[in-house]
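S.K.: Pasted the sequence and its predicted model underneath.
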Amino acid sequence: MLRVEHINLHYGKSQALWGVSLAAAEGAITCVLGRNGVGKTSTLRAITGQHRPSGGRITFDGHDITTMAPAERARRGIAFVPQGREIFPLLTVKENLETGFGVLPRNRRRIDDEIFALFPVLGKMLNRRGGDLSGGQQQQLAIGRAMVTNPKLIVLDEPTEGIQPSIIKDIGNVLKYLRDQRGMAVLLVEQYLDFARELADRILVMDRGQIVLDGAPDKIDEAAIKAHLTV
Amino acid sequence: MLRILLLAFLLCFGLSAETRADGFDDGLHLLGGKFDDVERGVVILAGSGDQRAGAVLAALQDNRLMVVAGDPPSFFIRQADDSLLDAATLQPAGDAAAGAKAVRVNNRIRRAAEAALGTLNLSSPNAAIRRQAADAVFKARDGEALPALEAALAKERDPDVKAVMETARAAIFLANGQGDEAQRLQAVETIGRRGDPDALAMLRNLANDTSASIREAAAASVSSIEMRQSMLARVQDAIYGISLGSVLLLAAIGLAITFGVMGVINMAHGEMVMLGAYTTYVVQTLFVTYLPDAANWSLIAAVPAAFVVGGLAGVILERTVIRFLYGRPLETLLATFGISLILQQAVRSIFGPTNREVTSPSWMSGSFDILDGLTLTSGRLVIIIFCLAVFLGLLAFIRYSRFGLEMRAVTQNRRMAASMGIRTGLVDALTFGLGSGIAGIAGVALSQIDNVSPNLGQGYIIDSFLVVVFGGVGNLWGTLTGAMAIGIANKLLEPFTGAVLGKIILLVLVILFIQKRPRGLFALKGRAIEA
Amino acid sequence: MISSRMPFASVVVPAVLIAIAILVPILHLSTGTLPTYAVSLFGKYLCYAMLALALDLVWGYCGILSLGHAAFFSLGGYAMGMYLMRQIGSRGVYGDPILPDFMVFLNWKELPWYWWGMDHAWFAFPMIVLVPGALALVFGWLAFRSRVTGVYLSIISQAMTFALLLAFFRNDMGMGGNNGLTDFKEILGFDTGADATRSALFSVTAITLALAYLLCVFVTRSRAGLVIVAIRDAESRARFCGYRVEHYKLFVWTISAMLAGIAGALYVPQVGIINPSEFGTGNSIEAVIWVALGGRGTLWGAIVGAVGVNFVKSWLTNNFPEWWLFALGLMFVLVTLFLPKGIAGLLRLGGIDAFNRKSAAAEAGEARS
Amino acid sequence: ADATIKVGILHSLSGTMAISETTLKDVMLMLIEQQNAKGGLLGKKLEAVVVDPASNWPLFAEKAKDLLEAQKVAAVFGCWTSVSRKSVLPVFEQDDGILFYPVQYEGEESSRNVFYTGAAPNQQAVPAVDYLMNEEGVERWVLAGTDYVYPRTTNKILEAYLKLKGVGADDIMINYTPFGQSDWQTIVSEIKKFGSAGKKTAVVSTINGDANVPFYKELANQGVKATDIPVVAFSVGEEELAGLDTKPLVGHLAAWNYFMSVDTPENAAFIKAWHKFIKNDKRVTNDPMEAHYIGFNMWVKAVEKAGTIDHDAVIDAMIGVSVPNLTGGYATMMPNHHITKPVLIGEIQGNGQINTVWETPGLVVGDEWSDYLEGSKDLIADWRKPMNCGNFNVKSGKCGGV
Amino acid sequence: MSAVSVDRPARDPILYLDGISVTFDGFKALNALSLLLEPGEMRAIIGPNGAGKTTMMDVITGKTRPQKGTARFKGNLDLTRHDEATIARAGIGRKFQKPTVFENHTVFDNLVLAIAGPRDVFSTLFRSIKPRQIERIDAVLETVRLTAARDRPAGDLSHGQKQWLEIGMLLVQEPELLLVDEPVAGMTDLETEATADLLREINKTRSVMVVEHDMTFVRALNVKVTVLHEGSVLAEGSLDQVQSNERVIEVYLGR
Ligand SMILES: Nc1ncnc2c1ncn2[C@@H]1O[C@H](COP(=O)(O)OP(=O)(O)OP(=O)(O)O)[C@@H](O)[C@H]1O
Ligand SMILES: Nc1ncnc2c1ncn2[C@@H]1O[C@H](COP(=O)(O)OP(=O)(O)OP(=O)(O)O)[C@@H](O)[C@H]1O
Ligand SMILES: [Mg+2]
Ligand SMILES: [Mg+2]
């Protein structure tokens, strides 16, 4: 589904990614691990089009999307749950969710009940402004918002950050549900190793702007991962 | 005075000795002379009782009476279609009219003609004209018009016109000391009912009347009118305030979008307004050249045109400049300031530095009474209604349309909006276009009350920003309230402090108010703002 | 620290200013190679530069976008103008020894109280800083205490200068109305028109500017400078760090207003007139533009911006009277688009590039080993 | 030495005053072109040096300095507002330049280096009031103006004059508005109210510039007709009316020294030349344009008389120079550097023109120091030797404060 | 909803909250919240998203004014009455949930800004930073592993690095009471452990209040835990106690 080939990425003149390659398959959860500042977010930025890579190629569904505008990518089915939530602060929860309607045909523009079933708090706070929600509530909103667009690939940047344990479990279930029932490709960036190991069909570990480990969770050596996650 | 005596003399003479056949010709010939002669001619014409006099006087008043010098000179009446009638025969004029020049008139002559026409027209078959005539008689308060007025009153069937005629008669009674005491008392009452400054002045003049009862009636009437007037004055000020407020609002709405919603410190906003005003001018010129019959409606056509012109300018501006500056709001100030200089000078180069003329359509000129004594000009009323319509339309659009939602999403978090599949570029361009288009529409309205000059926009930019900020950035209701509050406060202050000091006080009040509410009247609250 | 990136500027700028303070009078008076009008013209630019410097301090460093600095500039100017007016003495057209001409022909009988003492330099000159300083203190205290920020502050500062503009336009204000104060004869006993005086005024301006620059360098380089920039970037975070934001803002704001006042005072004898239109909101905006163009947040950028823009403007208005607005407007647009950090950014680019490339390379090296 | 004689043109081409001043720049270019077509001056071609002081008063001084010191122009034609003139005045005196100032102004000034070709208050305001009093029988007066020196001074003079004529204080209403006032609802309704007291009322307007259009639009909308309350204006000419629909304003008055409608061969020729030069036969002419026409011709004549462009010589030669004006008479430069002018009162017509309805029988000499002001009634100006003084006090017998 | 009311003890607690209520447009974010922190104590606060944990910190630091209730620091400073700066100077330091640093300043300068010392205009203007303080900053940089980024603008740091920088700022500020809102969000497990060690170290000399959702981390802290729910205290006790509380499991931990 998604294929990232040897991308480099620069912030100004400083390089953050060095030839990163990865793939996210349909109906599978791909998990990226890594310490702070190794380039996980940067990789996702390249995939979602928020930052243009300075080299390499990204294809989605067989189409080259390396230089495509973010909105186009969203229309082709890439949804994004960014780090730091990026809620529209002055839109109500409902309106936040509705921003996802842009990519849907007119007759499909509605918010699935499963979103509210999953995150009941969103249903309760439909008319509160997104910016007023607590950190964890915002995180839930961000995931819900991404689900509204009914994507083929959902990209999540540390979605469990700041979320209460019970909901973390639920998120795990949702991701599984999306993978299994909807056949979505899931690309997950995590720091929370246990969570990742439990979910992932494939694990990638990044260090200093490069992919250093890549494999199925049961194949990959726990100690090697830990080594890269330690300073 | 001399005039009145002369008129009196002539009227007496004319009435007693039947209509003098040559009165008309004598009068007409005098119209070719100097101002004094013309005035005499008017009086003679009025007294001639001749059928043609009315037409000649009306033409004279409107500068449509033409003369070809000679002895005696010959006169012609220019019709609406520019064809000429011979004034003496009222038949189409032939070659005789060659080289005809308009008869020169001045205010004195216009006044004399108006008074004379008033008397003549009192028996017109057209009720509106009779009413106008009665008004003219009221204004002139000419004692000699009394017989004609009485005659007309006797015949009058239309109650409205009759009332006006009675007021006119009352005015004549009071002004010239005519009528018996009962009639005069009745007159005091009639005039008192008018309740306007004219009535007040007339009644005040009765303070030294010989009859005590009239003196008292007048004094009572005066004090009640005075009280009413001073109350009405405040209401009137408030109405003016609303009218000023709607002008401010109109000028500011576009800015409430480009600045309030998008966060662009748009110094070129005023120039968008100016472009709208110039569009109005161009549309009007096109109408006058190609569709002269519909010229009265050119203003309506100018509204969409101005929206398109302003909007297009906005879209171009956004695509070429502003879009590179999102996230750097202060830089937009710099760039748009540069653009405003360019636009001003461009308009100056194309249309010249001087004012352009935009005429008011007939349905926007004149004024009407809301209550007696309370007036609002039609143009202002149209602007108030127009402004509210634009405001509500925009509000609904932003609230309820899909585009409104996308617009707000984009301005709050451009990057994330893009990741939600919103075409931010398009939304940005259209939003800025919308704001600029509305500024253009404001230009149509402002062309009715202000200069259509390259500087037009400059006059509104400070006020517009003040209104948006005072109301609370990002809140359209705030803009509405802000505009109205500033408008009304300004107009309530003005009679007491004068225009200059009033404005200074207002500015200081706004500054102090912002201390109390640092985010404007309708402040956005919540975590997102305070962080 | 922001300014530490250009350490040599803090030496070069004052040195250049002192050098021209010495050279210009020599060239003007003894060799005559510099015509008088050029001296006054450049003197004016330097006054603008000081205004830009003052604005940069509040805007570039503290993030307070003032659209009202013209008010402080003009108040300083008026204080100087009042002093100069009183120096005319009985040489006015009506020959009144006390009352300025405009008061005589509008039938003023005596000098209003706020003119008292303005005939003495020892009283009038302190007013140049005290009056704008006091206004800034009151305005700033009100605004910063109630946490008026961002565009709200910009717009009320604009309202402030606009209100002053209207007030000074009024003839009843006793400040000469629209015609303002003009026709000055002498300053500190020297003929304002004399070449030597003009040269001296120029030198004084250049030296004052150098001192003002050093003052700004001192403030911005100190730890207070760090706090000020921190307030600019994250005001509420600075509060949680324990800094009284309103005190810092008030401090910078008042200093800046005083500098602007001095700039105005030096401006008036060199251009020969002060009139309410100096309060115009357009003037404030133009000053902002000088700063932005020169490079917001660099002191020398503000100076370069002010002198540069005004020089270009003078040149264009002389040579392309019909087209200069297009050119100037276009210049503003292009600079914003292509030089986001202003002229200063352009000159500094080289340095920053080198720095980044080095550290990036270092990281890369580490990563591969 | 130079191949050409440079003439400076100091009019704002941008900013708020461009609306009025740009036309004057064009007129100057036309006059210079015409003079060159006639063979120039002293055998040299004239060269126009145009600068743009951008409606910014200190910039006027800067540009004046530049014209005089760097460009070394023989004379400067320029300024519109009083403050711009005040701003350049010290420069002209210092550098001994020559300025022709073409706009009606408040008086109270006479400089050796300035020639005032516009009207002084006695050449405009006072005759206008006389006209209203005598011809229209006005007894009650509204003096409405923009709050700055010209209206203040003019109104002061008029107030003194009216009181002298026996008008009571109750019958005078004075109102000032800020520059660029655009909302006239309150003031017009006050005027209406003031005018409905039973006495014939008129408005004397010294409202300036841009504020006039909204003022007249409001007058029209509120139905203030000239036959009821006439408004006589001193700053509204054909150029300002061009931006207005004048049909509802017919009969309101203007007092000037020239109207485009004046029927003389000189004027017809001038208008024709103007239309040809500006390539637009809709453009109007107005009083300050005539003032420049007169000023320029006077300067040409004075230079010819002096045989040099040397400033001192020309300044001395100017006094007494007499040239035809456009209204069929002659304008003569008086020793006080003001000129003689006819005063015309005109009524606004539906086509935007102003028709003369009254005219002073002879020419009026510009009075720089008003006879109606306390401080200046004893002052006179005479720039001929030996007096050579702009503010000679006839009481003390001394020249000004010096 | 049981509001635990607290009697005022003999020794002044370092933090004393009683009956605090905060309402936003009718929504009760804090509902008669009472809480007490002894000097030298470290307390972990947990609770569902939206329970009011951050709002409580907002109240303590003077950012939000409660509609009702008392809040005192060290017995004498009324926290509901002073502004952020005063409270910070009095000795309360805070790390925000969303990392907030001075993005245009270098990492080093961020720490200079935070370092303990007089904070009035006069002192910062005329007194420069002492060598001793520089040493301290460099030591802290080591601790938070940002030595390499010492001269980089803080804005260039990654999300997690900013978290660390903020912790560093807290360290140099040397407050008596540290409020730490989700310090390990976005950190790897090993970093989480390190942070826990660090906080325990700090707790030797200062009082700390930590908000966190990471149970491993809370366990590692090994301190008394308060559970907030819907604006008031739901449970209090050791981690094991609260983890076995049915209500806590239901609303927070999940089954
Ligand atoms: N906007 C930016 N400008 C400059 N440098 C940046 C920017 N964003 C990130 N970096 C740098 O790029 C590198 C990778 O950052 P990135 O955000 O991708 O890390 P991450 O793996 O997501 O870390 P974390 O787990 O802390 O979120 C870091 O060294 C960071 O300092
Ligand atoms: N300004 C506000 N306006 C409206 N509601 C608000 C506002 N601030 C906070 N809230 C609400 O108050 C409640 C408490 O928020 P708070 O941020 O304190 O929660 P929290 O316990 O920190 O949650 P988390 O663990 O998710 O960070 C939330 O439901 C939030 O939506
Ligand atoms: Mg990251
Ligand atoms: Mg929280």
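M.R.: That came through, no problem. Ligands and ions are numbered 1, 2, ... in the order given.
S.K.: Grab the most central residue of the chain for me.
M.R.: You didn't pick a chain, so chain A it is. The residue lying closest to the centre of chain A (C-alpha atoms, centre = their mean) is A:L156, at 1.6 Å.
S.K.: not what I meant, chain E
M.R.: For chain E, the residue nearest the mean C-alpha position is E:L179 (1.3 Å; C-alpha atoms, centre = their mean).
S.K.: picking that back up, show me the contacts for the residue nearest to the centre of chain A.
M.R.: By C-beta atoms under 8 Å, 6 or more residues apart in numbering or on different chains, the residues touching A:L156 are A:V81, A:I143, A:A146, A:L175, A:V186, A:L187, A:L188, A:V189. Any C-beta I mention is one placed from the backbone N, CA and C, and that applies to glycine too.
S.K.: got a list of what the residue in chain E positioned nearest to ligand 3 touches?
M.R.: In chain E, the residue found nearest to ligand 3 is E:H159; the distance is 4.5 Å by C-beta to the ion. By C-beta under 8 Å, 6+ apart, the contact list for E:H159 reads A:N36, A:T41, A:Q83, A:G84, A:E158, E:P99, E:G186.
S.K.: Start and end of stretch D:201-220, how far apart?
M.R.: 17 Å (C-alpha to C-alpha, to the nearest Å).
S.K.: does chain B sit close to it?
M.R.: Yes: residues of stretch D:201-220 are located near chain B by C-beta under 8 Å from any C-beta of the partner chain, namely D:D210, D:V213, D:P214, D:K217, D:E218, D:A220.
S.K.: low pLDDT regions in the chain?
M.R.: All of this refers to chain A. Residue ranges of chain A with pLDDT under 70: A:231.
S.K.: try chain E instead
M.R.: Of all residues in chain E, those with pLDDT under 70 make up the ranges E:1-11.
S.K.: Flag every residue of it that's near ligand 4.
M.R.: E:K53, E:T54, E:Q97 (C-beta under 5 Å from the ion).
S.K.: Swap in 8 Å and give it another go.
M.R.: Applying C-beta under 8 Å from the ion, one finds that chain E approaches ligand 4 through E:N49, E:K53, E:T54, E:T55, E:M57, E:Q97, E:D181, E:E182, E:V211.
S.K.: How about the contacts made by the fifth one?
M.R.: So that's E:M57. Residues near E:M57 by C-beta under 8 Å, 6+ apart: E:R94, E:L179, E:D181, E:M209, E:V211.
S.K.: go on, E:Q173?
M.R.: Applying C-beta under 8 Å, 6+ apart, we find E:Q173 in contact with C:C241, C:G242, E:A88, E:G93, E:A114, E:I115, E:A116.
S.K.: the strands in chain C, which residues?
M.R.: Assigned by DSSP state E, the strands in chain C fall at C:181-182, C:186-187, C:190-191, C:273-274.
S.K.: Output those in TSV; the columns should cover mean neighbour count, mean pLDDT and distance to B:R234.
M.R.: Shown next, in TSV, are the strands of chain C (neighbours: other C-beta atoms under 10 Å in any protein chain shown; pLDDT from 0 to 100; distance: least, C-beta to C-beta, whole Å):
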stretch	mean neighbour count	mean pLDDT	distance to B:R234
strand C:181-182	25	91	40
strand C:186-187	18	90	52
strand C:190-191	14	90	58
strand C:273-274	32	92	40
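S.K.: residue ranges for the helices of the stretch 1-150 of chain E, please.
M.R.: For the stretch 1-150 of chain E, the helices defined by DSSP state H, counting those that start in this stretch cover E:53-60, E:84-90, E:107-114, E:121-126, E:131-143.
S.K.: Could you save these as CSV and add columns showing distance to D:D287?
M.R.: Putting the helices of the stretch 1-150 of chain E into CSV (distance: least, C-beta to C-beta, whole Å) gives the following:
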stretch, distance to D:D287
helix E:53-60, 70
helix E:84-90, 65
helix E:107-114, 66
helix E:121-126, 60
helix E:131-143, 76
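S.K.: Is there proximity between stretch B:266-276 and chain C?
M.R.: Yes: shown here: stretch B:266-276 in contact with chain C (C-beta under 8 Å from any C-beta) through B:M267.
S.K.: list the buried ones in the one helix or strand B:F496 maps to?
M.R.: Secondary structure from DSSP states H and E places B:F496 in helix B:476-497. Within helix B:476-497, the residues that count as buried by 16 or more other C-beta atoms under 10 Å in any protein chain shown are B:476, B:478-495.
S.K.: Now do the same contact list for the spatially closest residue to E:G93 that is not a sequence neighbour.
M.R.: Closest residue to E:G93 apart from its sequence neighbours, by C-beta to C-beta, 6 or more residues apart in numbering or on different chains: E:P175 at 3.3 Å. E:P175 is in contact with E:A88, E:G91, E:I92, E:G93, E:R206, counting by C-beta under 8 Å, 6+ apart.
S.K.: Return the members of the residues you listed classed as buried.
M.R.: By neighbour count, with 16+ other C-beta under 10 Å, the contacts of E:P175 hold E:A88, E:G91, E:I92, E:G93, E:R206 as buried.
S.K.: And the residues you listed, which is closest to B:V427?
M.R.: Closest approach to B:V427 among the buried ones among the contacts of E:P175 (C-beta to C-beta): E:A88, at 41.0 Å.
S.K.: I'd like the distance between the nearest residue to that closest one once chain neighbours are set aside and E:F122.
M.R.: Nearest residue to E:A88, sequence neighbours excluded (C-beta to C-beta, 6+ apart): C:G242, at 3.5 Å. Computed with C-beta to C-beta, to the nearest Å, the distance linking C:G242 and E:F122 is 15 Å.
S.K.: For the two, indicate the residue with more neighbours.
M.R.: Taking neighbours as other C-beta atoms under 10 Å in any protein chain shown, C:G242 and E:F122 compare with C:G242 leading, 24 against 11.
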